[in-house]
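> Sequence isn't available, so here's the structure alone:
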């Protein structure tokens, strides 16, 4: 492992973390009173999936290429459906909150199931990274995936913090904005995957 390997892996991590960063901002908007511990747990989930997906892709390339090539065509559809579901739910909650004029403290936080769905949806495109690291042995593939996960963790903490600060000022509009962001991310992943 050399410095070029580390820099390339970190750059790959930055590129892959952009969807998770956007979703983190949306979650921060949704829950402006989020504690540091909760922020770390949420960023940790995104980092874990960003680590897991390249390793899974690497294993697929090594062992089950035919199956993966079929599943790769479904990735944009899966991401679109998951993010439309979560984003639509946030959008509806924000509109409901506006109509009921609830206070910020009454806003619901991100559920565990929603977090898992977001983690999978924002990292599913990282499966294809397994193709680019296929020539590595397991140790280097694992190191690359760990770097990608670490970069994702840091970037997502930043996204959560930005979202929290903006969410405090935006009140009910934060859920609507966050839902719209998730829907747009889902559409972006879908369009990129279909091209």
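Good, I have the coordinates. Note that this is a predicted model, so its numbers are computed, not measured.
> Specify the helix with the largest residue count in this protein.
Longest helix of the chain, by residue count under DSSP state H: helix 138-170.
> what helices or strands is that one leaning on?
Applying 3 or more Cβ pairs under 8 Å, 6 or more residues apart in numbering; DSSP states H and E, one finds that helix 138-170 contacts helix 3-30, helix 36-63, helix 129-132, helix 173-194. In short, each C-beta sits where N, CA and C put it, glycine included.
> in it, what's buried?
Across helix 138-170, burial judged by 16 or more other Cβ atoms under 10 Å covers 141-153, 155-161, 163-164, 166-167, 170.
> now stretch 126-135
Of the residues in stretch 126-135, 126-131, 133 count as buried by neighbour count, 16+ other Cβ under 10 Å.
> With respect to residue 27, which of these is nearest?
Among the buried residues of stretch 126-135, residue 126 lies closest to residue 27 (Cβ to Cβ), at 19.1 Å.
> Check the gap between residue 194 and residue 163 for me.
Residue 194 sits 29 Å away from residue 163, going by Cβ to Cβ, to the nearest Å.
> Ok, residue 121 next?
If you go by Cβ to Cβ, the gap between residue 121 and residue 163 works out to 17 Å.
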